[in-house]
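[1] sequence first, predicted coordinates after that:
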Amino acid sequence: TPKPSSAASDGVRDRDRRVFIRQTAVAALGGLVAFDLSNALAKSEMAFAGKGEISPRAITMWDFSWLERRWPGAGYEDWDQVLDELSERGYNAIRIDAYPHLIAENPMKKWLLKEVWNQQDWGSPDMNEVQVQPNLNLFLSKCKERDIKVGLSSWYRLDVDEVCLKLDTPEKLADCWLTTLRSIEEDGLLDTILYVDLCNEWPGDSWAPFFAKTYPNVGWGNWYKEESLRWMKTSLEKMRQVYPDMPFLYSFDHGDVKKYEEVDCSFLDLYEHHIWMAQQNGGEFYKLVGYGYNRFLPDDYKNVVKNAERVYRERPGYWQKLLTDKIELMASVARKNRRPLVTTECWGLVDYKDWPLLKWDWVKDLCELGTITAARTGMWVGVATSNFCGPQFAGMWRDVEWHKRLTSIIRSSPLDESLTKNNEVAAKLLKRL
């Protein structure tokens, strides 16, 4: 039998690969009733073809847990071990808190932090002590060794002296980030940074108390208000004067993604928008469940135990469509504005944890649906599978094959031409992939 030519072999491999990925994607959604992925893939021969050298990163959010959850059994005691486990699951990017306000104040100090909640498993449920440097650079160096890129953000964790409240101007906010980036650059680690998100879910008062103190009437999620826009533009302009090639942004979680069209968002190099089924249609799902984000009392989680799975299984197709419609809308807005997307907090419920009578299977179904829907749009350069992808969420973390299946889909998804062709802004991020 004559040996096939190299080109023919490549063609066979390409076709086999497309078939395999298509079958994997369809299998991943086998139990979901509202989304006919097989039909969608049949219509689009390019779907999951993985053409081109640039491919999206499979990203996870380790927020402030990477530094705070280091007591015995908390999950992040051994960074080498947990990063190896992350790589095994197919992830090659992480979003973490860089604590820029603490670095600017005193990078080597041991800071006593207040707990932001005790009902959730992100971060610490009680007072805790952290030292940001040299730990941040040590963590980044371990990521670099494994080709794991890092998106920096901040939740501006409150210490007992509430240092972050000193950030009462956008210039001061930029200055603390510039100090942070210089401390990373001094150790030759700047190329490990994927992007810099100056504030998580801006301008929420939990994460930007310094802004909320000055502008109490702007409110959670209302990033498009005049005072917020002025603050963001001023701070980002100062950042770009020093680091013109670094992608900069603020992340949001406001439900109305059409705001990206209605407001001039050209000052954002990418959109990091957080999307959950539970928040769609004015938070309809959580209203039916009786969940109200109480951070210190268990009553809301008792309602999740009692109601969440039942509410979902009564109308799975309805809840799934709310999620996929929002993902598709976000993609279309980003395509129109020619901005890449990263989402690290997503796709089913906002809050969940390992707990008596809480099952992961239906949550994972929603996360599969969201992940695959986002990946196939071509607009996401960083896709998370959920905001529970960390060792402290054992029920999610231990399903290694589930993670591998989804990260393989993410990392083989083609990017849309609106990003890859003649797009100088997107190129800043694509070059760092």
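    Cool, the structure landed.
[2] drop to CA atoms for contacts and neighbour counts, all remaining ones
    OK.
[3] list the buried residues for stretch 174-184?
    Ala174, Asp175, Cys176, Trp177, Leu178, Thr179, Thr180, Leu181, Ser183, Ile184 (16 or more other C-alpha atoms under 10 Å).
[4] now it, how far from the centre of its chain.
    Chain-centre distance of stretch 174-184: 22 Å, with C-alpha atoms, centre = their mean, to the nearest Å.
[5] ditto for stretch 261-273
    Mean-position distance between stretch 261-273 and its chain equals 16 Å (C-alpha atoms, centre = their mean).
[6] before we move on, the earlier item: looking at the buried residues of stretch 174-184, which are in helices?
    The helices, defined by DSSP state H, take in Ala174, Asp175, Cys176, Trp177, Leu178, Thr179, Thr180, Leu181, Ser183, Ile184 from those.
[7] checking my notes, Gly382 in a strand, right?
    Yes - membership of Gly382 in a strand is supported by DSSP: H, G, I helix; E, B strand; the rest coil.
[8] residues contacting it?
    Residues in contact with Gly382 (C-alpha atoms under 8 Å, 6 or more residues apart in numbering) are Pro56, Arg57, Ala58, Ile59, Ala93, Leu341, Val342, Thr343, Thr344.
[9] how close does it sit to Val305?
    31 Å (C-alpha to C-alpha, to the nearest Å).
[10] look up the closest residue to Val82, ignoring the ones flanking it.
    Leaving out its chain neighbours, the residue that sits closest to Val82 by C-alpha to C-alpha, 6 or more residues apart in numbering is Tyr76, at 6.5 Å.
[11] ok, the one you found to Trp122 distance?
    11 Å.
[12] between these two, which contacts overlap?
    Ser65.
[13] and for the residue nearest to Val82, the neighbour number?
    If you count neighbours by other C-alpha atoms under 10 Å, Tyr76 ends up with 22.
[14] where does it land in three-state SS?
    Of the three states, Tyr76 takes coil according to three-state DSSP.
[15] isn't Val116 right up against Pro125?
    Yes - here Val116 reaches Pro125: they are 7.5 Å apart, a contact under C-alpha atoms under 8 Å.
[16] that older thread, which two of the contacts of Gly382 have the greatest separation?
    Maximum pairwise distance among the contacts of Gly382 (C-alpha to C-alpha): 14.1 Å, between Ala93 and Leu341.
[17] tell me which of the two has more neighbours.
    Neighbour count, other C-alpha under 10 Å: between Ala93 and Leu341, Ala93 has more, with 28 against 23.
[18] now do the contacts for that one.
    Arg57, Ala58, Ile59, Thr60, Ile148, Lys149, Val150, Gly151, Gly382.
[19] against Asp399, how distant is Lys364?
    Counting by C-alpha to C-alpha - Lys364 and Asp399 are separated by 10 Å.
[20] who's more crowded, these two?
    Shown here are Lys364 and Asp399; by other C-alpha under 10 Å, Lys364 has more neighbours (19 against 11).
[21] three-state assignment of that one?
    Secondary structure of Lys364, per three-state DSSP, is helix.
[22] so what's it scoring on pLDDT?
    Predicted confidence (pLDDT) for Lys364: 98.
[23] output the lowest mean pLDDT helix or strand found in the protein.
    Using mean pLDDT, DSSP states H and E, the weakest-scoring helix or strand in the chain turns out to be helix 37-43, at a mean of 37.
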